[in-house]
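1. below are the sequence and a predicted model for it; my questions follow.
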Amino acid sequence: MNAPVNFDPAIHAASIPLDQIDVSDPNLFVTDTYYPYFERLRREDPVHYRKGGLYGDFWSVTKFKDIMTVETHPEIYSSDAKKGGISITDRPMEFRRSSFISMDPPRHDEQRKVVSPIVAPANLQNMSGIIRDRVCRVLDGLPRNETFDWVERVSIELTTLMLTTLFGFPEEDRAKLTFWSDCATQDVNAGGIVDSEQKRLEILSEALRVFTGMWHERAAKPPGFDLISMLAHGEATRNLVNDPAEFLGNLTLLIVGGNDTTRNSMSGGLWALCKNPDEYKKLYANPALVTSAVPEIIRWQSPIVHMRRTAVADAELGGKQIKKGDKVVMWYISGNRDEDSIDRPNEFIVDRARPRHHLSFGFGVHRCVGNRLAEMQLIILWEEILKRFPMIELVEEPKRLYSNFIHGITEMKVRIPG
């Protein structure tokens, strides 16, 4: 919705007929006005059917426990790309690409198992030194008493460098990874370069070509400890390169998964602290709170707005009758503010007692495979920020991504006092 200057989302959310609420509208996230709509749905209609919305007919699941029910019953609520996949957008069948996140068990489990060693505790420990060195280099290069874009200078740079390590990708070409990640998730109505699914495929075909070459190089060598080598040598994935659509699906999953969640939490965390200066002071005074502040940042930002499932059987959810074939959308961004499951959910609290009690990484078989890597990157970043800088100042409100899938910050001007 293009709201007038004096538009009050709380008044609008309270007055609009319930059946007309459409929380899939990306403008709600661009304008950061989605809160009251989800609050009303959680209160009055937590499993809400929207007919004829911007993204078709769908059920909105808005409460923590109901989302958990969907997550833990993949035999009823399917992630399969051929049935609809994980996004509210209904892509034409020729543009649906399977990946292990858009598969159901047992295929999901077999493919996920191939790449999971890269984020095993021992390897995370091995990567921590690399991450810290990069964080220090990036932070030491930031200007003082000068306005700059935190997203470009810190969030994008650090997450893209991490991707080069995970994929064994040339650092000098890392901008391609950011570009491919952005194109993979861009809404075709956002006014960007991806204005159709065909255009998206054309752009990502370059990624497919580059990674296919890397695949063949690494398949011919002994197994290495990067994602492409793991896929090339994995029992369940060694023939993946022969299915370009599925190979591309897994590539984009791993690129986006390694990029968007962490990137937008790096930006969203600073924004949250700047908007809650008492909590920022608390963290600055006691840097040991970083380990609880980081999962709180991830809950607060909710970098993945939603995940979609498709019912493969009739079921009851929250007192509603879900029919086979129905589109069921779990709004993580709402479940993370559920008053019945999270204490004082609308407050940002750096020393929250149960900070990991959130839905940002999903749950069940599809829980984010890289969640501990994301946390580690953010912990190291904030440890090094607190060593170096007084409280960083927000110069203007961030610019936000046109998307109902990625809760993204595209630009955030800040200043580090001298």
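-> Yep, that arrived.

2. V305 touches Y402, doesn't it?
-> No. If you go by CB atoms under 8 Å, V305 and Y402 don't touch, sitting 11.8 Å apart. Quick note: C-beta positions are derived from backbone N, CA and C, even for glycine.

3. quickly list what's touching both of these two.
-> F29 (CB atoms under 8 Å, 6 or more residues apart in numbering).

4. F148: what's it in contact with?
-> Counted by CB under 8 Å, 6+ apart, F148 has contacts L142, K413, V414, R415.

5. now it: phi and psi?
-> The phi and psi values for F148, taken as degrees, to the nearest 10, are phi -150, psi 170.

6. show me what the lowest-mean-pLDDT helix or strand in the chain is packed against.
-> One helix or strand of the chain scores below all others by mean pLDDT, DSSP states H and E: helix 107-115, with a mean of 89. Other elements packing on helix 107-115 under the criterion 3 or more CB pairs under 8 Å, 6 or more residues apart in numbering; DSSP states H and E are helix 227-233.

7. quick check: mean pLDDT of the helix or strand just after the helix it packs on?
-> Next helix or strand after helix 227-233 toward the C-terminus (DSSP states H and E): helix 244-275. For helix 244-275, mean pLDDT is 93.

8. counting neighbours, what do you get for M68?
-> For M68, the count of nearby residues is 17 (other CB atoms under 10 Å).

9. give me every residue that touches it.
-> Taking CB under 8 Å, 6+ apart, we find M68 in contact with L359, F363, G364.

10. and the first one, what element?
-> For L359, there is no helix or strand it lies in under DSSP H and E.

11. now it: how far from E296?
-> Shown here: L359 relative to E296, a distance of 13 Å by CB to CB, to the nearest Å.

12. over to the second one?
-> As for F363, its distance to E296 is 18 Å (criterion: CB to CB).

13. if we can go back for a sec, I'd like the contacts of F148 as CSV, with neighbour count appended.
-> Putting the contacts of F148 into CSV (neighbours: other CB atoms under 10 Å) gives the following:
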residue, neighbour count
L142, 17
K413, 16
V414, 23
R415, 16
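
14. sitting in strands, which of those do you find?
-> Counted as lying in strands by DSSP state E, out of these, are K413, V414, R415.

15. can you list the low-confidence ranges for this protein?
-> Applying pLDDT under 70 to the chain picks out residues 1-5.

16. list the contacts for N276?
-> Contacts of N276 (CB under 8 Å, 6+ apart): F348.

17. F363 and E296: which is more packed in?
-> E296 (23 against 20).

18. and the closest residue in space to the more buried one that isn't next to it in sequence, helix, strand or coil?
-> In this structure, E296 finds its nearest non-sequential neighbour in P355, 4.7 Å apart by CB to CB, 6 or more residues apart in numbering. Under DSSP: H, G, I helix; E, B strand; the rest coil, P355 falls in the coil class.

19. wait, P355 sits on L289?
-> No. Contact criterion CB under 8 Å: P355 and L289 do not qualify, at 9.9 Å.

20. how about the contacts of F148 in TSV, adding distance to L251?
-> Below are these laid out as TSV (distance: CB to CB, whole Å):
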residue	distance to L251
L142	32
K413	33
V414	33
R415	38
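
21. which one among the residues you listed gets closest to D25?
-> K413 (26.3 Å; CB to CB).

22. could you pull out the strands for this protein?
-> So, for the chain - with DSSP E - the strands run 47-53, 56-61, 77-78, 148-149, 306-311, 315-317, 320-322, 327-331, 393-394, 399-400, 409-411, 413-415.

23. ok, the first one: who's next to it in the sheet?
-> Meaning strand 47-53. strand 56-61 (antiparallel) (DSSP bridges).

24. the partner strand vs strand 327-331, what angle?
-> Between the axes of strand 56-61 and strand 327-331, defined by axes from the mean of the first three to the mean of the last three CA atoms, to 10 degrees, the angle is 40 degrees.

25. report the buried residues of strand 56-61.
-> F58, W59, S60, V61 (16 or more other CB atoms under 10 Å).

26. do stretch 256-275 as well
-> Buried residues in stretch 256-275 (16+ other CB under 10 Å): 256-274.
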